[in-house]
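# okay, structure incoming, though there's no sequence with it:
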């Protein structure tokens, strides 16, 4: 099993060699991996990270990692917290292991009262110790204007490109993977000087057809127009 872990690709989950798992579970796992496109890229990446960490911990301890044992999971979560991992991240890892179990057709270990209790313990201990949930530092318009002032006259193509994408992200509040899907023909420069952006793909809109009922085109600011023109030109 240890050798097998080295062969796990970026987009695959190690299928365990565990005699306790029946053929149906193994078929479910293989089908789950084949249908990975059912999940958002970010969700799948989080899933892979969580499962890999759990696998490595179990292999180091000499434990089978699937099915996920509630007692072993409890010890694992406590160790993660002792090593400084945030409660929110620990909850996310637990959710991903629950996802693995559900897709395999198994009862999630996270449904165990032992696991639920240890998650509450971790949360309560964190509060008592003065730990706080980290918040993302906001990127304000003043920050964007400072970058604009520094880069707007740049002759470096990389900075012109980055400025265009920063303005696009700020004006649309799109996720980074949504921005990466945008094409040049998604931008429409109107005669009146306005610019419209057609968003054909979001987390909830995956048909790529630009269903305006779910994702209306969004206006782009004057500064964004300049940045986009510079980048396209």
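Arrived safely. In this text the structure is predicted, and so the values were computed from the model without any measurement.
# okay, now the unreliable bits of this structure?
1-21, 131-136, 193-195, 201-233 (pLDDT under 70).
# go ahead and flag the most central residue of it.
Nearest to the geometric centre of the chain sits residue 42, at 2.8 Å (CA atoms, centre = their mean).
# so what's residue 147 up against?
163, 166 (CB atoms under 8 Å, 6 or more residues apart in numbering). From N, CA and C alone the C-beta is placed, and that goes for glycine too.
# try it again at 10 Å.
139, 159, 162, 163, 166, 167 (CB atoms under 10 Å, 6 or more residues apart in numbering).
# quick one: the strands in the chain, in order.
Remark: strands assigned in the chain by DSSP state E are 187-189, 195-197, 218-219.
# buried by neighbour count: which residues of the first one qualify?
Right, strand 187-189. residue 187 (16 or more other CB atoms under 10 Å).
# for it, the distance to its chain's centre please.
Centroid separation for strand 187-189 versus its chain: 30 Å, with CA atoms, centre = their mean, to the nearest Å.
# need the contact list for the residue nearest to residue 47 when sequence neighbours are not counted.
Nearest in space to residue 47, with sequence neighbours left out and distances taken as CB to CB, 6 or more residues apart in numbering, is residue 96 at 4.8 Å. Residues in contact with residue 96, defined by CB under 10 Å, 6+ apart, are 43, 44, 46, 47, 48, 49, 50, 51, 53, 54, 110.
# including distance to residue 74, could the residues you listed go into JSON lines?
Formatted as JSON lines, the contacts of residue 96 follow (distance: CB to CB, whole Å):
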{"residue": "43", "distance to residue 74": "25"}
{"residue": "44", "distance to residue 74": "26"}
{"residue": "46", "distance to residue 74": "21"}
{"residue": "47", "distance to residue 74": "21"}
{"residue": "48", "distance to residue 74": "23"}
{"residue": "49", "distance to residue 74": "20"}
{"residue": "50", "distance to residue 74": "16"}
{"residue": "51", "distance to residue 74": "18"}
{"residue": "53", "distance to residue 74": "16"}
{"residue": "54", "distance to residue 74": "13"}
{"residue": "110", "distance to residue 74": "11"}
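# now those residues in JSON lines, with neighbour count and distance to residue 175?
Listed next are these as JSON lines, based on neighbours: other CB atoms under 10 Å; distance: CB to CB, whole Å:
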{"residue": "43", "neighbour count": "14", "distance to residue 175": "12"}
{"residue": "44", "neighbour count": "17", "distance to residue 175": "14"}
{"residue": "46", "neighbour count": "18", "distance to residue 175": "14"}
{"residue": "47", "neighbour count": "22", "distance to residue 175": "17"}
{"residue": "48", "neighbour count": "18", "distance to residue 175": "19"}
{"residue": "49", "neighbour count": "13", "distance to residue 175": "18"}
{"residue": "50", "neighbour count": "19", "distance to residue 175": "20"}
{"residue": "51", "neighbour count": "21", "distance to residue 175": "23"}
{"residue": "53", "neighbour count": "16", "distance to residue 175": "24"}
{"residue": "54", "neighbour count": "23", "distance to residue 175": "26"}
{"residue": "110", "neighbour count": "23", "distance to residue 175": "27"}
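# any idea which helix is longest in the protein?
The helix that spans the most residues within the chain, counting by DSSP state H, is helix 41-61.
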